[in-house]
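In: build me a model:
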Amino acid sequence: MREHVGPANLVTSVSLVAGFLALLLVPVRPGAALVLVLTAAVLDGVDGALARRSGKDHTFGAQLDSLADLLCFCVVPAFALYQLAPAQLAPLAAAAGSGVVLAGSWRLSRFPLVQEHGHFVGLPTPASGCLVLPLALWAPPVPALVGAVALSALMASSVRFPTVPVVAARVRRSRRIGPGPQRRRRPRVPRVLRPPPRSRQVHRGRSGRRPSVRQRATGRAGQVLGSLRRDGDHRRARP
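Out: Residues are numbered from 1 along each chain as shown. Sure, this is the predicted structure:
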């Protein structure tokens, strides 16, 4: 067992002890039990960060973490549901508590098999336990039982929930960008009709038809010869 003793596993062990103490305090001091469960939830995030930094084999730590989560976030809230419910609702409270434990067990067993980067498949057990226990303490009995059943269904479902780093990254990104400036709508201006394009003037012959290429070339050649003749006449006329 010495090779498994490390900072991450020690933190998980403290979380496991906190869950057991919370189970003992539910009948006498349920408020203290809630504080211990919340402490276990914080330690659950700490041991995960320590395990990722160590870079060692996490097989033992993953099994120990699953046992701690089952006790702290499934067994303790389920026992609180049954212990704090009225006597006439004891069978329903026992059924709802059994659903919490069963759904949490399925969720923890499926976790190493189905993993997605940046998301959890199903509601994580720490979030469920931190919600079921306050419902059992302060909510009316019937809404507390209904909420426990709904959270159990979310744990066993395939709904994707973002992880804490993903949520923190989104919050930081929204703070950096900030609310964008409101775009002002441009007033509608009536469109101005453009004048029609000028048509190219085409020199046409006497017949009204467009001259052919040969006729145009002949006409240009005649113009060049005429200009040369006029230029020669001017030169001859000089004294």
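In: which residues does the most centrally placed residue in the chain bridge with?
Out: Central residue of the chain (C-alpha atoms, centre = their mean): residue 162, 6.1 Å from the mean position. Taking DSSP bridges as the rule, residue 162 bridges to residue 119.
In: wait, what's in contact with it?
Out: 118, 119, 120, 170 (C-beta atoms under 8 Å, 6 or more residues apart in numbering). (C-beta placed from N, C-alpha, C; glycine too.)
In: what's the answer for residue 137, then?
Out: By C-beta under 8 Å, 6+ apart, the neighbours of residue 137 are 30, 31, 34, 80, 84.
In: please report how far it lies from residue 99.
Out: Here the criterion is C-beta to C-beta, to the nearest Å. By it, residue 137 lies 19 Å from residue 99.
In: where does pLDDT dip in this structure?
Out: 57, 178-222, 224-239 (pLDDT under 70).
In: ok, 80 please
Out: 1-5, 52, 54-58, 115-116, 164-165, 174-239 (pLDDT under 80).
In: ranges for the helices of it?
Out: 7-25, 30-54, 59-70, 76-84, 90-110, 125-138, 141-156, 164-177, 213-237 (DSSP state H).
In: deepest-packed of these, please.
Out: helix 76-84 (a mean of 24; mean count of other C-beta atoms under 10 Å).
In: distance between it and the chain's centre?
Out: Centroid separation for helix 76-84 versus its chain: 33 Å, with C-alpha atoms, centre = their mean, to the nearest Å.
In: what sits against the residue nearest to residue 51 when sequence neighbours are not counted?
Out: Spatial nearest neighbour of residue 51, chain neighbours left out: residue 8 (4.0 Å); criterion: C-beta to C-beta, 6 or more residues apart in numbering. By C-beta under 8 Å, 6+ apart, residue 8 lies in contact with 47, 48, 50, 51, 54, 61.
In: what do you get for residue 43?
Out: 11, 12, 14, 15, 18.
In: circling back: the helices of the chain into CSV, with extra columns for distance to residue 1?
Out: Below are the helices of the chain laid out as CSV (distance: least, C-beta to C-beta, whole Å):
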stretch, distance to residue 1
helix 7-25, 10
helix 30-54, 17
helix 59-70, 9
helix 76-84, 26
helix 90-110, 23
helix 125-138, 26
helix 141-156, 31
helix 164-177, 31
helix 213-237, 103
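In: now do the contacts for residue 152.
Out: 96, 99, 100, 102, 103, 104, 128.
In: what do you get if the cut-off is 7 Å, keeping everything else the same?
Out: Applying C-beta atoms under 7 Å, 6 or more residues apart in numbering, we find residue 152 in contact with 99, 100, 103.
In: try residue 118
Out: 162, 163, 166.
In: ok, 10 Å please
Out: When contacts are counted by C-beta atoms under 10 Å, 6 or more residues apart in numbering, residue 118 touches 160, 162, 163, 165, 166, 167, 169.
In: could you do residue 154 as well?
Out: Contacts of residue 154 by C-beta under 10 Å, 6+ apart are 103, 107, 122, 123, 124, 127, 128, 131, 161.
In: distance of residue 72 relative to residue 162?
Out: In terms of C-beta to C-beta, residue 72 sits 22 Å off from residue 162.
In: equivalent analysis for residue 155, please.
Out: 16 Å.
In: what's the answer for residue 16, then?
Out: With C-beta to C-beta as the criterion, residue 16 and residue 162 are 27 Å apart.
In: what of residue 123?
Out: Residue 123 is 12 Å from residue 162, by C-beta to C-beta.
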